[in-house]
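Participant: build the 3D model from these lines:
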Amino acid sequence: MAEIDIMEFLKQERKRIDAIIERWIPRKVSEEYLEFLLGKAKWRYSLEAFQHAILDPIWEFLDRGGKRWRPVLFLLVNEALGGDPRKVEDFCIIPELIHEGTIIVDDIEDKGELRRGKPCLHLIFGEDIAINVGNFLYFLPLVVFREKRDLFPPSVYLKAYETYIQEMINVSVGQGTDIYWHQGKASEISEEEYLQMCANKTGCLARMAAKLAAIFAGASDEVVEKVGSVAEALGVAFQIQDDILDVTLKGEKREIFGKAFGNDIKEGKRSLMVIYTLQHATENDRRRLLEILDKHTDDVEEKLEAIAILEKYGAIEYAKRRARELVSQAWSKAEPLLREGEAKEKLRAFAEFLITREF
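Facilitator: Here you go, the predicted model:
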């Protein structure tokens with residue numbers, strides 16, 4: 001089989017995924033859409049308010065970019081387990097919409113300034129609008145369940161719905177843990193605690209995508225859990241790689257992909273690299289690193305100093321190695337369950353891409 005260009009594949013799939021999203025979230029509101037979404041009005045809906053407070057912010061944000069890799073993961077897993085991706089493609093947007101909602105809210109919680117090369121949504125529309133849009137994106141996926149309920153037996157839908165509910169709880173717990181650590185309130189954080197936080201915060205939406213895909217492919221509970229574990233590992237590895245890029249991505253590429261420099265240092269983020277360094281550093285280096293993280297500095301020199309401490313103890317290389325190990329271990333367990341073919345090969349290439357990407 002010819003080598004797979006994952007970047008080009010994701011680019012092409014994004015067009016398809018955005019078209020699906022637009023079926024459920026139009027760019028322009030209409031009375032018909034609001035009645036579809038909310039039911040017939042008892043009095044009268046405000047189309048103007050819905051347009052400017054919900055649709056405009058959502059599409060301003062979605063049009064900036066984003067990799068859309070979670071919907072792609074859903075479609076590939078479904079196909080690799082013998083499902084029909086065309087039949088269930090509307091469900092692929094569920095983890096993506098939730099993801100977009102989480103980062104809109106996350107930017108408020110972290111007092112973020114830049115997202116995908118533009119000011120964070122709350123800086124354009126206000127925190128009230130941004131929080132509400134984020135919440136809207138958490139729950140809109142339930143409309144897909146409502147409208148597509150006749151595709152499968154009730155038992156399949158119940159399992160899929162329970163998966164959605166559980167992962168929505170998980171993502172909030174993961175985010176809460178991360179916020180607590182950002183605030184410098186934890187005296188010590190173990191690698192195991194960090195990985196569990198990532199499994200809940202970042203891994204859970206990938207896990208949701210894979211488990212929903214497997215459920216709709218008619219997979220057994222064992223298979224659902226195993227492919228969910230692979231996807232979780234991909235999500236955790238994706239987060240680790242994201243943290244690595246925050247401190248290693250150079251100027252020109254940083255500008256191209258619209259990433260702020262050292263934002264995790266400013267947030268006081270306890271990344272795997274930070275945790276590893278704190279476990280291996282001298283008392284002076286440990287104290288200085290914590291001092292920089294806890295002051296939430298935007299000073300470039302202090303950010304560079306913190307990064308130099310991470311590099312001194314080999315934390316960046318350790319994080320790269322750990323991400324690869326997580327994906328490799330999970331893949332070895334799930335690979336025998338997947339059908340040989342193009343979807344499986346794309347999944348393999350996809351996994352490699354997520355831990356070696358440079359954006």
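Participant: and the helices in the stretch 251-359 of the chain?
Facilitator: Remark: helices assigned in the stretch 251-359 of the chain by DSSP state H, counting those that start in this stretch are 251-256, 263-267, 272-280, 283-294, 300-312, 315-334, 342-356.
Participant: can you show me the CA trace of the fifth one as CSV?
Facilitator: Pointing back at helix 300-312 there. The C-alpha trace of helix 300-312 is given here as CSV (Å, rounded to 0.1, in the frame of the first residue of the first chain):
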residue,chain,number,x,y,z
VAL,A,300,9.8,36.1,27.7
GLU,A,301,13.1,35.8,29.6
GLU,A,302,11.4,34.0,32.5
LYS,A,303,9.6,31.7,30.1
LEU,A,304,13.0,30.8,28.4
GLU,A,305,14.5,30.3,31.8
ALA,A,306,11.8,27.8,32.8
ILE,A,307,12.2,26.0,29.4
ALA,A,308,16.0,25.8,30.0
ILE,A,309,15.4,24.1,33.3
LEU,A,310,13.1,21.5,31.5
GLU,A,311,15.8,20.9,28.9
LYS,A,312,18.5,20.6,31.5
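Participant: burial count for residue 104?
Facilitator: Residues lying near residue 104 (other C-beta atoms under 10 Å) number 27. Using the backbone N, CA and C atoms, a C-beta is placed for each residue, glycine as well.
Participant: spatially nearest residue to it (excluding sequence neighbours)?
Facilitator: Leaving aside its chain neighbours, residue 104 sits nearest to residue 134 (4.3 Å; criterion: C-beta to C-beta, 6 or more residues apart in numbering).
Participant: give me the neighbour count for the one you found.
Facilitator: Per other C-beta under 10 Å, the neighbour tally for residue 134 reads 24.
Participant: same thing with residue 221?
Facilitator: Neighbours of residue 221 (other C-beta under 10 Å): 10.
Participant: again with residue 28
Facilitator: For residue 28, the count of nearby residues is 10 (other C-beta under 10 Å).
Participant: touching, it and residue 56? I think so.
Facilitator: No - with contacts counted by C-beta atoms under 8 Å, residue 28 stays clear of residue 56, the gap being 9.8 Å.
Participant: mutual contacts of those two, please.
Facilitator: Residues touching both residue 28 and residue 56 (C-beta atoms under 8 Å, 6 or more residues apart in numbering): none.
Participant: just to revisit the earlier point, ranking the helices of the stretch 251-359 of the chain by mean pLDDT, which is last?
Facilitator: Here the lowest mean pLDDT among the helices of the stretch 251-359 of the chain goes to helix 251-256, at a mean of 45.
Participant: give me the element residue 157 is part of.
Facilitator: In the assignment (DSSP states H and E), residue 157 maps to helix 154-182.
Participant: between that helix and helix 283-294, how many degrees?
Facilitator: On the basis of axes from the mean of the first three to the mean of the last three C-alpha atoms, to 10 degrees, helix 154-182 is oriented at 120 degrees to helix 283-294.
Participant: packing partners of helix 154-182?
Facilitator: Applying 3 or more C-beta pairs under 8 Å, 6 or more residues apart in numbering; DSSP states H and E, one finds that helix 154-182 contacts helix 93-109, helix 141-147, helix 191-201, helix 203-216.
Participant: ok and that helix relative to helix 203-216, angle-wise?
Facilitator: 170 degrees.
Participant: quick one: mean pLDDT for helix 154-182?
Facilitator: 94.
Participant: buried sites along it?
Facilitator: 157, 159-161, 163-164, 167-168, 170-171, 174-175, 177-178, 181-182 (16 or more other C-beta atoms under 10 Å).
Participant: got it, and stretch 55-66?
Facilitator: 55, 56, 57, 58, 59, 61, 62, 66.
Participant: any chance of those residues in TSV, plus pLDDT?
Facilitator: As requested, the buried residues of stretch 55-66 are exported to TSV (pLDDT from 0 to 100):
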residue	pLDDT
55	98
56	98
57	98
58	98
59	98
61	97
62	96
66	84
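Participant: surely the residue nearest to residue 104 is within a helix?
Facilitator: Yes - assessed by DSSP: H, G, I helix; E, B strand; the rest coil, residue 134 belongs to a helix.
Participant: distance check, it against residue 102.
Facilitator: Note on residue 134: its distance to residue 102, by C-beta to C-beta, to the nearest Å, is 7 Å.
Participant: residue 176 too?
Facilitator: For residue 176, the distance to residue 102 - C-beta to C-beta - is 12 Å.
Participant: what does stretch 76-83 rub up against?
Facilitator: Stretch 76-83 has contacts (C-beta under 8 Å, 6+ apart) with 84-85, 88, 209-210, 213-214, 216-219, 223, 227, 231, 337-339, 341, 343-344, 346-347, 350.
Participant: what's the answer for stretch 296-315, then?
Facilitator: 247, 261-262, 265-268, 272-274, 276-277, 280-281, 285, 288-289, 292-293, 295, 316.
Participant: buried stuff in that stretch?
Facilitator: 297, 302, 303, 305, 306, 307, 309, 310, 313, 315.
Participant: nearest to residue 109, of the residues you listed?
Facilitator: Taking C-beta to C-beta as the measure, residue 109 lies nearest residue 297 of the buried residues of stretch 296-315, at 18.3 Å.
Participant: residue 137 is in contact with residue 57, isn't it?
Facilitator: No - in this structure, residue 137 is not within contact of residue 57 by C-beta under 8 Å, at 10.2 Å.
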